[in-house]
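Peer 1: Sequence plus predicted model, see below.
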Amino acid sequence: MRTRRSLLRTGAAAGAGTLLAVAALPSPPDATPIGRTVEGSETPPAVDEWTDGPITGETDTPISRYQYRPIDDGADPSELADFVATAPINVVLVPDADADGDGLERVMAVLEDEGWLRDPEEYTRYAWDRRESAFVRQQATAAESYYGTSGRLHVRCWSFEGIVSMQAHEDSGARPEHTVTSYDRGLEAIESIFDAAGWDVSPDAIDLDNDQGDYDGLASVVTEDA
């Protein structure tokens with residue numbers, strides 16, 4: 001099993017050049033606290049089989065490994081070759097299958113309770129649905145602010161086969177050019193938010209073999225407490 005190292009971190013990061021620049025950036029106003037203590041819990045049975053080794057393909061599990069954009073306006077949503085990956089999925093959420101209502105909406109309700117806004121200004125992105133053998137547009141999104149003028153935390157989500165794949169990141173300010181300043185800080189913020197909301201954050205991680213920037217490719221696992 002891979003262990004989610006961020007649960008034991010206190011904010012120190014490796015990779016001097018990029019991450020020192022990230023650390024120098026101001027936090028968005030009224031930002032979600034990222035440094036909350038997160039208590040680890042058992043890995044949920046629904047994903048336990050996926051923690052033994054790296055996941056290297058988009059059809060191996062219901063979990064998406066990346067979010068994608070089409071190469072051009074004529075891209076075929078059934079063809080992986082017509083899309084290019086833009087950012088790694090870094091959080092896997094497991095809603096309670098026996099609870100009433102839609103699991104993805106319960107995930108988003110936690111972010112709304114944190115004060116995040118649904119459907120912010122953002123780019124359209126896609127994830128691969130192995131059952132449909134096609135790319136699916138982002139199904140739910142949220143951010144700390146609508147435009148992110150001074151930077152913000154931001155997520156895009158997809159729910160396939162009862163498992164929610166989330167791409168979480170911290171944006172730079174919208175001007176002069178929008179960029180992602182940190183994937184890891186987005187991941188840690190989500191761990192903190194859901195832990196505070198009573199969901200379980202596992203000390204084990206799912207190796208999606210999709211490391212990028214300051215993110216190590218180990219997706220956090222967050223489970224709704226039944």
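Peer 2: Structure's in. What do you need?

Peer 1: need the longest helix for this protein.
Peer 2: Counting by DSSP state H, the longest helix found in the chain is helix 184-196.

Peer 1: Show me what that one is packed up against.
Peer 2: strand 91-94, helix 103-113, strand 152-160, strand 163-171, strand 200-207, strand 218-223 (3 or more CB pairs under 8 Å, 6 or more residues apart in numbering; DSSP states H and E). To be clear about C-beta, it is placed using only N, CA and C from the backbone, and glycine gets the same treatment.

Peer 1: please redo it, this time with the cut-off set to 6 Å
Peer 2: Packing partners of helix 184-196 (3 or more CB pairs under 6 Å, 6 or more residues apart in numbering; DSSP states H and E): strand 163-171, strand 218-223.

Peer 1: got the angle between it and strand 218-223?
Peer 2: With axes from the mean of the first three to the mean of the last three CA atoms, to 10 degrees defining the directions, helix 184-196 sits at 20 degrees from strand 218-223.

Peer 1: Distance from the chain centre to helix 184-196, please.
Peer 2: Mean-position distance between helix 184-196 and its chain equals 9 Å (CA atoms, centre = their mean, to the nearest Å).

Peer 1: Looking only at that helix, what residues are buried by neighbour count?
Peer 2: Neighbour-count burial for helix 184-196 flags 184-196 (criterion: 16 or more other CB atoms under 10 Å).

Peer 1: Good, wrapping up.
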